[in-house]
Every structure is written in C-alpha cells, then in structure tokens.
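# here's a sequence, model it:
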Amino acid sequence: MSNSSIYKDVLMDHYRNPRNRGDLSEADIVRRGSNPRCGDDIDVGVNFDAETLAKVMFRGRGCSVCLASASMMTETVSGKSKTDAHQLVAAMRNWFTAEGATADDRPADNLAALDAVRGHSARKRCVMLAWEALDEALEIE
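Numbering: from 1, shown residues only. Predicted structure coming up:
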C-alpha cells in the first residue's frame, strides 16, 4: 500500500469520525472560517487554561479535506501553549503555501496525511480554513 493511499485513508477516517467536533457553547472564544467558493464554513472554539489551549473543538460543514484538517488541527494543538499554537499555524501556512516547501517542512508528524492534498492548489484553502480561524482566536485572546 502506498503512502498516498494510507494518507487518503487517514483523511477519510478524520472526515468520517472527526475528533473534537461538537458544541462550542462553553468555549472561551469562537472564530469562524468561511470559504464561500466551495461552501466550507467552520467555527473553531478554544478553552484556555492561562496560556495553554486546554480544549480545542470545531463545528461546521465542509468538504472532506476541510473537516479532516479541522479534526487533525484540534488534536495537534490541544494542550499546547498559545505561542506553540501560533508557531504551528505559521508552520502550516509555510508548508502549504511556500514555494519549494517539502514534506520535511511539515510541522507535526500526525499531519502527514495532508501531504496527499498539499500539491493541489484548490485544496489549500480547505486545509487552512480551521487553522486560520484558530490563529484569529489566538490573536484576540
């Protein structure tokens, strides 16, 4: 089985069984990411414990890539400091948008499955939507 096939399986698992998807009414802050071009609409909610992202959740609708990325993002940043979360968002942005970025630039190993869509420019916005909403929440908090 190829890495591409494994990555697609991981993405589909996150899409079908999203982690940390649910009610955001108890979140300290909620920020929305929207992509009217393809209909993705994601809210990201964060609960803070001082400088730590104690809990990160999302709700919304979107394509499989958008929802899988949101699910993976919540797993990756929960428990991180605000500073570390900001750095992860910046690293994701670089990995997905910088010319010449490679799999070696991936900010965390558990995000490897996103390699399957990294080369598709139309999917970059789908991947980054939840990450950008998180970044906005961190800027305000």
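
# residue boundaries of the strands in this structure?
Counting by DSSP state E, residue ranges of the strands within the chain are 29-35, 40-49, 52-61.

# dump the second one to CSV, restricted to CA.
Once side chains and other backbone atoms are set aside, the C-alpha atoms of strand 40-49 remain, and they are given as CSV (Å, rounded to 0.1, in the frame of the first residue of the first chain):
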residue,chain,number,x,y,z
ASP,A,40,-16.8,25.3,3.7
ASP,A,41,-17.9,27.0,7.0
ILE,A,42,-16.0,26.1,10.2
ASP,A,43,-16.2,27.5,13.7
VAL,A,44,-13.3,26.9,16.0
GLY,A,45,-13.7,27.2,19.8
VAL,A,46,-10.9,27.3,22.3
ASN,A,47,-10.9,26.9,26.1
PHE,A,48,-7.9,28.4,27.7
ASP,A,49,-6.1,27.5,30.9
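
# quick one: buried residues of that strand?
For strand 40-49, burial by neighbour count (16 or more other CB atoms under 10 Å) applies to 40-48. (Glycine included, C-beta is placed from N, CA and C.)

# in a markdown table, list the residues you listed along with distance to residue 83.
A markdown table is the format used below for the buried residues of strand 40-49 (distance: CB to CB, whole Å):
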| residue | distance to residue 83 |
| --- | --- |
| 40 | 28 |
| 41 | 28 |
| 42 | 23 |
| 43 | 23 |
| 44 | 18 |
| 45 | 20 |
| 46 | 14 |
| 47 | 17 |
| 48 | 13 |
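
# so where is this structure shaky, pLDDT-wise?
By pLDDT under 70, the weakly predicted segments of the chain are 1-3, 141.

# let's go with 90 and repeat that
Applying pLDDT under 90 to the chain flags residues 1-8, 35-38, 96-110, 112, 115-124, 139-141.

# ends of stretch 70-86, how far apart?
End-to-end distance for stretch 70-86: 16 Å, by CA to CA, to the nearest Å.
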